[in-house]
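K.L.:
All I have is the shape, not the residue letters:
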């Protein structure tokens, strides 16, 4: 139950794992387990959360990151070739997305934004379904219940409330699943995100707020969104926070596991700030050279999430030729399938425009549908008529 | 049949829905211990618990957005917006999320959310407490919009709204909350008139007068007054604003040849405009005169000492009826 039982000013950060100690972990500490150079550094508290990650799993985290980067670059290419109308690259954010998504259980439910394609990929969304909306073949590419991932939200921050409401539902069901909201630094200025934090805190709902601070909201730098470190805002809501190196897949996984564990065991919400960097443009329609310094990009390129895991694998002797070949082959195969799936995507039928506006008939819309259907039929072949209409 | 107030009838309908479906959850500001500022949810939290009748933080977008999440999880949230003029912070969630989710997900995710909105004026309130924002929502595809005018419909239609798999805005005429009427609480819901249908509440032959919500009573009074002058007015309670039951309106206008539409909301882009345009398209050759709108003015809702000028009353409606009949009226001699 998500009731505010105290009834007397009941916002409390109480509950297991929700200690003052965790709260103190704001103040600028950047949780890191792999340095940019690829050194595994130990952390007294966080090591235990990833000690089960085997060499094989490290390799598979690497594979996921390489594959999603490949999907991302293929989608960018498809956009340049006119096969997609637009594409929002996630280049640079692979560790944040893969590390966090890999910390979730199947029955946890994700509410992502439009850039969280790595999360969608990990959850099992077919890559061609990820690009479907960007080709204009649908508003969203998948059935949320098939992968427990909501469709990607375009209204900035709106999904944080959906995640919170979903978490309230989990509480009412007496279940132990967790809802996870993905959003960016820009979203933290939105009223909806702040309202979500209030609701989640008041009801102590099992929700994780996963904020990827990629430093840029289109052309606006993060300092315009927040005068303090974003993670530090959570304390004002009575929500514990973790500030993690978002380019360190292991640290992201540890932070997410801590937050998920807390939520799953009645400890309420956690706010994670994954400090990362959007190395590409906001979307393919954007030109970052107009607003940001090339040096900044260079600095962040030196902290590349994939390069650092690769270095670690190398040091551990895991980066064999066979392994590298296999990963590259997988990435190529996925990209190839994405390309052909995109190009051969079936076109929607004209009358699909009227489908699913309502779940039961609506007389006004039915009349419009009937009229348009007759109009199309007046040309003979409706599909042909519609394509002519569209060409005008 | 039980005699009860309008507010009590809604309360009774909500209770029935809470009893019948464990997935129904009420959410809103002050709806718990207080029972809502109009006491519409009186006693429900006590009987169903704080997890089913939820006092929320004061954030309308937050209420609406979390209702979306609950619907995602399979719940049927019934959201109370405390006053009409407080709905705008939730506008984005309603228009961009609630209304579009089913379409966006190709039917995979349903949004069976009922949004209760006490609306309209006539109670001498301060600003933001007397508005009629329904047209914003009838303009939004994906939403159903209804308005109730009497205790029986209030009781029946709140249950129909909650049972609907589509999101429904349920507009409650707050100045009628204390009006009493007979309510059949043992009614078989499946046998009731569907919430999409309008109802002819007074039969007539000379003029069709269309109203909804608070003005249905006023329209009926106007029909009585007109009868004294030998004019037969057919009053139709629209009930559903999206979709509008044009079949019922059309049948009436084909008979009377004259149409008057009245609402408290401002005129431009309103329900009256849509009804006038659609009826003109559908039965132009049956019309003997141009449709007439008797509505609130295109002004922000005025301070309460002036609100009775803004709200269509019996006399202004009768003046509109005279216009439709081509009888001498306040605008006689003016062109257009």
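P.N.:
Now that the structure is in, tell me what you want to look at. Predicted, not measured: the structure shown is a model, and the values here were computed from it.
K.L.:
Which residues of the stretch 151-300 of chain B lie near chain A?
P.N.:
When proximity is defined as Cβ under 8 Å from any Cβ of the partner chain, the stretch 151-300 of chain B approaches chain A at B:164-166, B:196, B:242-247. Backbone N, C-alpha and C define where each C-beta goes, glycine included.
K.L.:
which ones are touching the closest residue to residue A:283 other than its chain neighbours?
P.N.:
With sequence-adjacent residues excluded and distances taken as Cβ to Cβ, 6 or more residues apart in numbering or on different chains, residue A:283 is closest to residue A:88, at 4.7 Å. Applying Cβ atoms under 8 Å, 6 or more residues apart in numbering or on different chains to residue A:88 gives the contacts A:114-115, A:282-284.
K.L.:
In what element of secondary structure is residue A:88 found?
P.N.:
Using DSSP states H and E, residue A:88 sits within no helix or strand.
K.L.:
per-residue pLDDT, it?
P.N.:
The confidence metric pLDDT takes the value 98 at residue A:88.
K.L.:
Quick check: the gap between it and chain B.
P.N.:
Plainly put, residue A:88 is 17 Å away from chain B if you go by Cβ to the nearest Cβ, to the nearest Å.
K.L.:
just residue A:284 next, same as before
P.N.:
The value you get for residue A:284 to chain B, if Cβ to the nearest Cβ is used, is 22 Å.
K.L.:
now the strands for the stretch 101-250 of chain B?
P.N.:
B:114-119, B:144-147, B:168-173, B:180-183, B:199-202, B:207-211, B:233-237, B:240-242 (DSSP state E, counting those that start in this stretch).
K.L.:
I'd like these laid out as CSV, including mean neighbour count.
P.N.:
Listed next are these as CSV, based on neighbours: other Cβ atoms under 10 Å in any protein chain shown:
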stretch, mean neighbour count
strand B:114-119, 27
strand B:144-147, 26
strand B:168-173, 26
strand B:180-183, 17
strand B:199-202, 17
strand B:207-211, 30
strand B:233-237, 26
strand B:240-242, 25
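K.L.:
now those strands as CSV including distance to residue A:317?
P.N.:
What follows is the strands of the stretch 101-250 of chain B, written out as CSV (distance: least, Cβ to Cβ, whole Å):
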stretch, distance to residue A:317
strand B:114-119, 61
strand B:144-147, 64
strand B:168-173, 63
strand B:180-183, 79
strand B:199-202, 80
strand B:207-211, 81
strand B:233-237, 80
strand B:240-242, 66
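K.L.:
Let me see the backbone angles for residue B:295.
P.N.:
Backbone torsions for residue B:295, taken as degrees, to the nearest 10, come to phi -140, psi 180.
K.L.:
so what secondary structure elements neighbour the helix or strand encompassing residue A:339?
P.N.:
Residue A:339 is located in helix A:321-343, with elements delineated by DSSP H and E. Contacting helix A:321-343 under the criterion 3 or more Cβ pairs under 8 Å, 6 or more residues apart in numbering or on different chains; DSSP states H and E are the following elements: helix A:55-80, helix A:127-135.
K.L.:
Provide the angle between the direction of the last one and the direction of helix A:321-343.
P.N.:
Pointing back at helix A:127-135 there. 40 degrees (axes from the mean of the first three to the mean of the last three Cα atoms, to 10 degrees).
K.L.:
Next secondary structure after helix A:127-135?
P.N.:
Heading C-terminal from helix A:127-135 (DSSP H and E), you reach helix A:144-147.
K.L.:
next SSE after that following helix?
P.N.:
Counting by DSSP H and E, what follows helix A:144-147 is helix A:158-173.
K.L.:
Go through that next one and flag the buried ones.
P.N.:
A:158-172 (16 or more other Cβ atoms under 10 Å in any protein chain shown).
K.L.:
so what's the backbone phi/psi at residue B:292?
P.N.:
phi -120, psi 130.
K.L.:
Run through the bridge partners of it.
P.N.:
Applying DSSP bridges to residue B:292 gives these bridge partners: residue B:260.
K.L.:
circling back: for the strands of the stretch 101-250 of chain B, give me JSON lines that also has mean pLDDT.
P.N.:
Output for the strands of the stretch 101-250 of chain B, formatted as JSON lines (pLDDT from 0 to 100):
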{"stretch": "strand B:114-119", "mean pLDDT": "98"}
{"stretch": "strand B:144-147", "mean pLDDT": "98"}
{"stretch": "strand B:168-173", "mean pLDDT": "98"}
{"stretch": "strand B:180-183", "mean pLDDT": "97"}
{"stretch": "strand B:199-202", "mean pLDDT": "98"}
{"stretch": "strand B:207-211", "mean pLDDT": "98"}
{"stretch": "strand B:233-237", "mean pLDDT": "98"}
{"stretch": "strand B:240-242", "mean pLDDT": "98"}
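K.L.:
in chain A, which spans are strands?
P.N.:
A:109-111, A:179-184, A:207-213, A:216-217, A:220-221, A:241-245, A:270-275 (DSSP state E).
K.L.:
I'd like the residues of the stretch 151-300 of chain B next to chain A written out as CSV, with distance to residue A:358 added.
P.N.:
CSV is the format used below for these (distance: Cβ to Cβ, whole Å):
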residue, distance to residue A:358
B:164, 9
B:165, 9
B:166, 5
B:196, 11
B:242, 10
B:243, 9
B:244, 14
B:245, 15
B:246, 17
B:247, 18
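K.L.:
who wins for neighbours among those residues?
P.N.:
When neighbours are counted by other Cβ atoms under 10 Å in any protein chain shown, residue B:242 leads those with 26 neighbours.
K.L.:
so what's it bridging to?
P.N.:
residue B:145.
K.L.:
my read: it touches residue B:143, true?
P.N.:
Yes. Under the criterion of Cβ atoms under 8 Å, residue B:242 makes contact with residue B:143 at 6.3 Å.
K.L.:
quick one: common contacting residues for these two?
P.N.:
In contact with both residue B:242 and residue B:143: residue B:137, using Cβ under 8 Å, 6+ apart.
K.L.:
How about the residues of the stretch 251-392 of chain A by chain B?
P.N.:
A:355-360, A:362-365.
K.L.:
From those, list just the buried residues.
P.N.:
Here, 16+ other Cβ under 10 Å leaves A:356-359, A:362, A:364-365 buried among those.
K.L.:
got a markdown table for these, with pLDDT too?
P.N.:
Below are those laid out as a markdown table (pLDDT from 0 to 100):
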| residue | pLDDT |
| --- | --- |
| A:356 | 98 |
| A:357 | 98 |
| A:358 | 98 |
| A:359 | 97 |
| A:362 | 97 |
| A:364 | 97 |
| A:365 | 97 |
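K.L.:
Relative to residue B:20, which of the residues you listed is nearest.
P.N.:
residue A:359 (19.3 Å; Cβ to Cβ).
K.L.:
That closest one contacts residue B:108, correct?
P.N.:
No. In this structure residue A:359 lies outside contact range of residue B:108 using Cβ under 8 Å: 10.9 Å.
K.L.:
Among the residues of the stretch 251-392 of chain A next to chain B, name the ones in helices.
P.N.:
A:363-365 (DSSP state H).
K.L.:
Could I get those residues in CSV, plus columns for distance to residue A:242?
P.N.:
Formatted as CSV, those follow (distance: Cβ to Cβ, whole Å):
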residue, distance to residue A:242
A:363, 53
A:364, 50
A:365, 47
